[in-house]
Structure formats: C-alpha cells, structure tokens
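**Q** structural data only, the sequence is not supplied:
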C-alpha cells in the first residue's frame, strides 16, 4: 500500500498572503491532482499533472500556481489569499493513464483572516 | 466545458431499504465514471466505477448503471446499513484526456436505523 501526505493539515493566513500547500505520495503514481472542496460546491479541479514537470490547468486555476518538480510531490500555491476564504484542499494521485481510481490525501484546511 | 450534475443533494432512507443517486454528464466523449465516498470528517475514497463499454456493474451491495444515450449514470446501494451514511460523489472522465476528472457536487446519504 501507499499513502498520500498533505502538509500542513491546517493553514491560517492573512489577506493577500502567498500560501503553499505540499503533497507527497509514495505510490509511485504518475498523475497527481489538486482539488478544492467548498461546502455545497463539491470538488473543483485546480491543477493536475500527468508526469514530473507537467502542469495542466483545471477549471479553478486562476489565483493558484502549482509545481511538480519530482514524481512524488505536487505543491500548490495560493498566490494571494482572499479575506474570509475558507476551504479544504485535497490532493490525489492515480497510476498511469486512462481509467483508475484516485487516492486522496486527508486534506489541508485553509482559513484566511 | 464538461459538467457533471448530481441530482440529489440529500437523501434519507431507512436501514435495509435501497438508495439511488443519479448523475448526468454533458460531454458525450466521457467514458469513465467512478464514485467516491466521503465519511464525516474524512477524505474521499473510491467505491466503484463503470466504463462506457458496459451498462451495469455490481460490487457486493453496490450497483452502477450507465445510460449513454441519456448521458446518465446512477449508484444503487441495496440493503443499506448505517455505515453507508456519507457524502457520495460521482465523477466523469473524457476519452483521450487521461488526466481530467470532473466531480458532481455530492449527495449526502443518511441511513436511518
């Protein structure tokens, strides 16, 4: 088995601050994802990456940057945190291409004061 | 862009009854349809999937039906148990786009003892 580790679990920031979330997986999976989960809005895809150094924009990429410098890690940066923003960011990974289940991390909860 | 709509935001059933959650998708090129479960306070995990070359798949008490003409798929949970209570998400992936997975907004299922 493997595991996806997201850090930090909780992140508190100030308006306008740049904030970075990290995700590590030891499945040796090719594809990694960042989703944002807001109450009542399901999961929205921010960025995904099908291999090291690849980045693909999702539907919610504006306001975010991502980086996949190693196969095992995928980081997400909130470029300018919005006041009163609160959301959970979920990292996931999947092996290879085509169909196959996603494995999710436990999530990183962001609160902006 | 492609969308996945989940028709029931909440669903309440009595223990032992069946629960049905319905989803529709917009892109006819979608070919892979997984379902995920999120228990309270936890992250998502995979429960079952169906590919577009079949119209029915069963795994124990879970049945997924796919109607490609109507662009509709559904999750049937038979003989529900209290531990089935959770948020269920449907999702869809487009053929040829090996990475992008779009989720519905989720259905909160409550199984009443």
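**A** Looks like it came in fine. Treat the numbers as computed from the prediction; the structure is a model and nothing was measured.
**Q** what residues does chain A have near chain B?
**A** Residues of chain A lying close to chain B by Cβ under 8 Å from any Cβ of the partner chain are A:31, A:33, A:35, A:40-45, A:48-50, A:56, A:58-59, A:90, A:92, A:97-99, A:101-107. From N, CA and C alone the C-beta is placed, and that goes for glycine too.
**Q** tell me what the residue nearest to the spatial centre of chain A is bridged to.
**A** Centre of chain A computed as the mean C-alpha position; nearest residue by Cα atoms, centre = their mean is residue A:34, 2.9 Å away. Listed beta-bridge partners, residue A:34: residue A:47, residue A:91 (assigned using DSSP bridges).
**Q** also residue A:112?
**A** Residues in a beta bridge with residue A:112, per DSSP bridges, are residue A:13.
**Q** and for the strand or helix carrying residue B:92, what's in contact with it?
**A** Using DSSP states H and E, residue B:92 sits within strand B:86-94. Strand B:86-94 is contacted by residues A:42-43, A:99, B:2, B:4, B:6, B:21, B:23, B:25, B:27, B:29-40, B:44, B:47, B:73, B:75, B:100-109 when judged by Cβ atoms under 8 Å, 6 or more residues apart in numbering or on different chains.
**Q** drop anything exposed from these.
**A** Among these, those classed as buried by 16 or more other Cβ atoms under 10 Å in any protein chain shown are A:42-43, A:99, B:2, B:4, B:6, B:21, B:23, B:25, B:27, B:30-38, B:44, B:47, B:73, B:75, B:100-107, B:109.
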